[in-house]
Each structure stands twice: as C-alpha cells, then as structure tokens.
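Trainee: what follows is a predicted structure for the sequence shown.
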Amino acid sequence: MDLTDRPADAAAPHQLSAQERAGDDLLARALRRARWTIFWERLWPALASIATVIGLFLALSWLGLWLWLPPAGRAIGLGIFFLLTAAAFAPVLMLRVPSRVEGLRRLDRNSGLPHRPATAIADEIAAPIEDSYSVALWRAHIERALRAAKTLRAGTPMPRLALRDPFAVRALVVVLVVATFFAAGGERMKRVAAAFDWQGVMMPANFRVDAWVSPPPYTGRPPIILPGLRPGEPVQTAAALSVPAGSTLVVRATGIHLDVVASGGLAEPSSGAQSSSAKGTEERR
C-alpha cells in the first residue's frame, strides 16, 4: 500500500470552489457599492459648486441687479458668471471612475476587519498550484476571508464639503435664493432676462447727419428737410424732389467725418467743406 502526503478529501476542491464563487459574488456587490460611493464623493462637490454659481446668479437677478446696470455692465457681469460656471464645471470634466483597487481599499478600511478580507478574496495565489501545502493554506486563508466578507461595508458617502467651503457660502446662497424668489414676485423671468439684454453695448459713437434743400431766395419757399441719419435708426431713402434751379443742397454731419460725392448735375462750390462753429461738425453745400 502506498502512502502520500496530500489531503485525502477529494470533494473539498469542488466545495471550496463553490464557496469562492459565492465569495466573488458577494465581493462584487460590495465592491460596486464602494466604487459608487467614492464616485459620488468626487462628483457632489463639483455639482455643489455649479449649483452655488447658478444660485448666486438667480439671487442677484431676482434682486434686480441687471435692471440697475447699464448694458455694458450687464455684459461684463454675465461674462464673469460664465467664467465662474466654467471654473465650477471643470472638475466634472476631470472626474474619473474609481478603480477596483480603490474600491477594495474602501471596503477594507470601512469594514474595520483585520487582514484585509476584501483584498484577500480578490487576490490570487502566488505559489504554484502543484504545491498542495500552499494550496491548502491559501484555501484556509480564503475561507476565513469569506466568513468576514459578509460584514464588508462601503459606508455612506462623505463629500466633506465643509473642508472645501469653510465659510458656508453655499448656505448663504440658498438663503438668498429663497428670499429673492419671493421678493421678485411675478417679475422673476423679466429680471433674469434683463441679464441678456445688451442693447446698446456695441452701439457706435454718437453721431448725426442732417440734410435739406434751400431754394433760391427769390422763390420765397422754405427749406425742404430731407431724411437724416441717427445711431440705431434705419436708413431712409428720400423720394424724388422737384426743386427750383439754383437751389442749394446742404448736408451737415456731427460726430463723424463727412464725405459727399456730387453728381447728376450737382456742383460743389469752390470753397468745399465748410466747418461749422460747433466742434466736430462738418457741412457740405
């Protein structure tokens, strides 16, 4: 009869294999919770920053800030809020999903059990599988880790916003949003829309162009006023006019350089441009 130094139970490998599969399922569920918990801890501070910027914008809008500012001030203020929103949104773009190793560390730390059971279940034996003693020790180690795996805990998310916002600015913004929401009443949308009313921001320098036709003195007729030109007003085309021979067309501009081309029987006097007494005014006849 031959004697061998190896475990005599042949059914043990199949039984342990089933336990390992059950342990893997248990670990997979716990690991999924741990990774989601870590992900939420990373995501929530970024969302809180974005919500704080948006809340501050709504609070100032409902307070009536944009109604008090000129168009240029509204454009500058909205640009500042755009930069703040982009800065708050940047961490979301750099957010990464927690790795498997980070999830295992979270389970081992929060469970408070010795010998790192979560990491032990996920590990693989380093010794050759032909070494029966090493395999037996490894399986005993896995069995102990599996018994402890039932108590693996991912814990509740702890974003630690107090460390990022020690002065509780987010709480102050919430109070302002609630107070201004009721103070604005039915003008909430109007006050928010005022931030995007930039009419006049890109307006050119103030100028004025006037034109009229002066009939000869012997006719005794009054001057004929032609359509002028102002900033922001559409250009009006004058209808055909019948004027006495010898009439004078006068074009006067203030705030811009005047350049008139005479054609169609019109002739400019030899004196050319005539400067008016008012500063920055040019006149052509």
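Mentor: Thanks, I have it.

Trainee: helix, strand or coil for Pro159?
Mentor: Per DSSP: H, G, I helix; E, B strand; the rest coil, the secondary structure class of Pro159 is coil.

Trainee: which pLDDT value belongs to it?
Mentor: pLDDT, Pro159: 74.

Trainee: and after whichever strand or helix holds Phe39, which helix or strand comes next?
Mentor: Assigned by DSSP states H and E, Phe39 belongs to helix 12-63. Using DSSP H and E, the helix or strand that follows helix 12-63 in sequence is helix 65-68.

Trainee: who does that following helix touch, helix- and strand-wise?
Mentor: helix 71-93 (3 or more C-beta pairs under 8 Å, 6 or more residues apart in numbering; DSSP states H and E). (C-beta placed from N, C-alpha, C; glycine too.)

Trainee: the closest residue to Leu241 other than its chain neighbours and Ala239, how far apart?
Mentor: Once flanking residues are discounted, Leu241 sits nearest to Ile224: 6.4 Å by C-beta to C-beta, 6 or more residues apart in numbering. Here Ile224 is placed at a distance of 11 Å from Ala239 (C-beta to C-beta, to the nearest Å).

Trainee: of these two, give the one with the bigger neighbour count.
Mentor: For Ile224 and Ala239, the more surrounded residue by other C-beta atoms under 10 Å is Ile224, and the numbers stand at 16 against 7.

Trainee: residues in contact with that one?
Mentor: Trp212, Val213, Pro215, Leu241, Val243 (C-beta atoms under 8 Å, 6 or more residues apart in numbering).

Trainee: in which helix or strand does the nearest residue to the last one once chain neighbours are set aside reside?
Mentor: So that's Val243. Computed as C-beta to C-beta, 6+ apart, the closest residue to Val243 that is not its neighbour in sequence is Val213, at 5.4 Å. Assigned by DSSP H and E, Val213 belongs to strand 208-214.

Trainee: just checking: what are the partner strands of that strand?
Mentor: strand 224-229 (antiparallel), strand 248-254 (antiparallel) (DSSP bridges).

Trainee: could you dump those strands into a markdown table with distance to Gly64 and mean pLDDT added?
Mentor: Output for those, formatted as a markdown table (distance: least, C-beta to C-beta, whole Å; pLDDT from 0 to 100):
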| stretch | distance to Gly64 | mean pLDDT |
| --- | --- | --- |
| strand 224-229 | 36 | 82 |
| strand 248-254 | 36 | 86 |
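
Trainee: ranking the ones you listed by burial, who's on top?
Mentor: strand 248-254 (a mean of 17; mean count of other C-beta atoms under 10 Å).

Trainee: how about the secondary structure of the closest residue to Pro216 other than its chain neighbours?
Mentor: Closest residue to Pro216 apart from its sequence neighbours, by C-beta to C-beta, 6+ apart: Gly246 at 4.3 Å. Under three-state DSSP, Gly246 falls in the coil class.

Trainee: okay, now the unreliable bits of the stretch 101-250 of the chain?
Mentor: 108, 110-155, 199-205, 232-233, 238 (pLDDT under 70).

Trainee: which residues of it fall in helices?
Mentor: For the stretch 101-250 of the chain, applying DSSP state H, counting those that start in this stretch gives helices covering 117-122, 132-149, 161-164, 169-184, 188-193.

Trainee: domain assignment for the chain?
Mentor: 13-195, 208-284 (the TED database).

Trainee: and the ones you listed, which is most packed in?
Mentor: domain 13-195 (a mean of 15).
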